[in-house]
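*Asks:* The following comprises the amino acid sequence and a computationally predicted model.
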Amino acid sequence: MTKKLTKAVLPVAGLGTRFLPATKAMAKEMLPVVDKPLIQYAVDEARAAGITQFCMITGRGKIALVEHFDVAYELESTLRQRGKEAEIAALREAQLAPGDIVTVRQQVPLGLGHAIWCARAFIGDDPFAILLPDDLILSDTPCTQQLAEAYYETGGSVVAICEVPPDQTNKYGILKIGADDGRLVEVTGLVEKPKPEDAPSNLSIIGRYVLLPDVIEHLSRMERGAGNEVQLTDSMARMIGNTPFHGLRYKGQRFDCGDKVGFLEAQIAFALRRPEMAAQVRNFLRKYQEPA
């Protein structure tokens, strides 16, 4: 019987060096896109998939990530005195119920695989989603919900995938594929950051996963891979053949918010989806168009 998907792991221990000095005293996951921080987009996306339990893999200076989902009594009281009911409602939408969020420290930066291994007690024997907040996805059906549907359909692990330029495979985890129906792709192998001439395809994993707990056993070996880090891709590859494993061509547009240009593009794209500001955004964008 396929277990219900209720858990999500959010690796948020990174230093955000590409956004210094903005991230000197603020977690990069708290950077806002329009009016919500990246971490809230990730949590809201997971909630839409029926996930109710969250584990953040944090590092030093990341306390604001947890406080964002807490009750702000003093702020709510001030807003209530000023009649700001809409603002109070917006705050409460972000809150997580007591016990629904836990944090685990990743004391040393040994890679994504090591970060996921740090959440092993939280994961236990249950399937779990992984959401990398740097990857922000604009879609009608939230990406993690699409993955959850594919998980219930296949009974196995599912990763979100997209095509990348063939000369850029050395930046991503790349799939070796079997059967392909245009939506779901059978994964027969995984390679972390292969050279273009060695890449088995140009299908890349993005920052959304639904994995069976078997991956923890493989991560526990602490074997180093690309970059001398414990790579999640390597441990997922060892699961192939033992349980179903698929890639999902998700519907939506991905923005790499770990990149400055990708972050700026996300601001525009998400603002244009907001009816109350779309017209104004289009108007000011015209001012910056290059002359014909």
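*Replies:* Here it is on my side, so go on. Residues are numbered from 1 along each chain as shown.
*Asks:* Where do the strands of the stretch 151-292 of the chain begin and end?
*Replies:* 157-163, 173-180, 184-192, 203-211, 245-249, 253-256 (DSSP state E, counting those that start in this stretch).
*Asks:* Same check on the stretch 1-150 of the chain?
*Replies:* Taking DSSP E, counting those that start in this stretch as the test, the strands found in the stretch 1-150 of the chain are 7-11, 32-33, 36-37, 53-58, 101-105, 128-131, 135-138.
*Asks:* May I see those organised as CSV, with distance to residue 280, mean neighbour count and mean pLDDT added?
*Replies:* For glycine as for every other residue, the C-beta is placed from the backbone atoms N, C-alpha and C. Listed next are the strands of the stretch 1-150 of the chain as CSV, based on distance: least, C-beta to C-beta, whole Å; neighbours: other C-beta atoms under 10 Å; pLDDT from 0 to 100:
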stretch, distance to residue 280, mean neighbour count, mean pLDDT
strand 7-11, 33, 25, 96
strand 32-33, 17, 16, 94
strand 36-37, 19, 18, 94
strand 53-58, 34, 22, 94
strand 101-105, 35, 16, 92
strand 128-131, 31, 26, 97
strand 135-138, 19, 22, 96
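*Asks:* Of the strands of the stretch 151-292 of the chain, which is nearest residue 4?
*Replies:* Among the strands of the stretch 151-292 of the chain, the nearest to residue 4 by C-beta to C-beta is strand 203-211 (11.8 Å).
*Asks:* could you dump the strands of the stretch 151-292 of the chain to CSV with distance to residue 46, mean neighbour count and mean pLDDT?
*Replies:* As requested, these are exported to CSV (distance: least, C-beta to C-beta, whole Å; neighbours: other C-beta under 10 Å; pLDDT from 0 to 100):
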stretch, distance to residue 46, mean neighbour count, mean pLDDT
strand 157-163, 13, 23, 94
strand 173-180, 21, 18, 88
strand 184-192, 21, 20, 90
strand 203-211, 10, 23, 93
strand 245-249, 16, 23, 95
strand 253-256, 16, 18, 94
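*Asks:* quick one: which of these is nearest residue 287?
*Replies:* strand 253-256 (22.8 Å).
*Asks:* picking up where we left off before, a markdown table for the strands of the stretch 1-150 of the chain, including distance to residue 144?
*Replies:* Formatted as a markdown table, the strands of the stretch 1-150 of the chain follow (distance: least, C-beta to C-beta, whole Å):
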| stretch | distance to residue 144 |
| --- | --- |
| strand 7-11 | 8 |
| strand 32-33 | 17 |
| strand 36-37 | 16 |
| strand 53-58 | 12 |
| strand 101-105 | 16 |
| strand 128-131 | 6 |
| strand 135-138 | 9 |
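*Asks:* Among those, which comes closest to residue 93?
*Replies:* strand 36-37 (9.6 Å).
*Asks:* What's opposite residue 101 in the beta bridge?
*Replies:* Bridge pairing for residue 101 (DSSP bridges) gives the partners residue 54.
*Asks:* Show residues contacting stretch 234-247.
*Replies:* Applying C-beta atoms under 8 Å, 6 or more residues apart in numbering, the contact partners of stretch 234-247 are 113, 150, 154-161, 175, 177, 184-192, 203, 205, 211-212, 214-215, 218-219, 221, 223, 225.
*Asks:* how long is that stretch end to end?
*Replies:* 16 Å (C-alpha to C-alpha, to the nearest Å).
*Asks:* If you count neighbours, what's buried in it?
*Replies:* Residues 234-240, 244-247 are the ones in stretch 234-247 that count as buried (16 or more other C-beta atoms under 10 Å).
*Asks:* okay if I get the strands of the stretch 151-292 of the chain as CSV plus distance to residue 107?
*Replies:* Output for the strands of the stretch 151-292 of the chain, formatted as CSV (distance: least, C-beta to C-beta, whole Å):
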stretch, distance to residue 107
strand 157-163, 27
strand 173-180, 25
strand 184-192, 23
strand 203-211, 22
strand 245-249, 31
strand 253-256, 27
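*Asks:* Would you mind telling me which of those is nearest residue 52?
*Replies:* Minimum separation from residue 52 across the strands of the stretch 151-292 of the chain (C-beta to C-beta) falls at strand 203-211, 15.0 Å.
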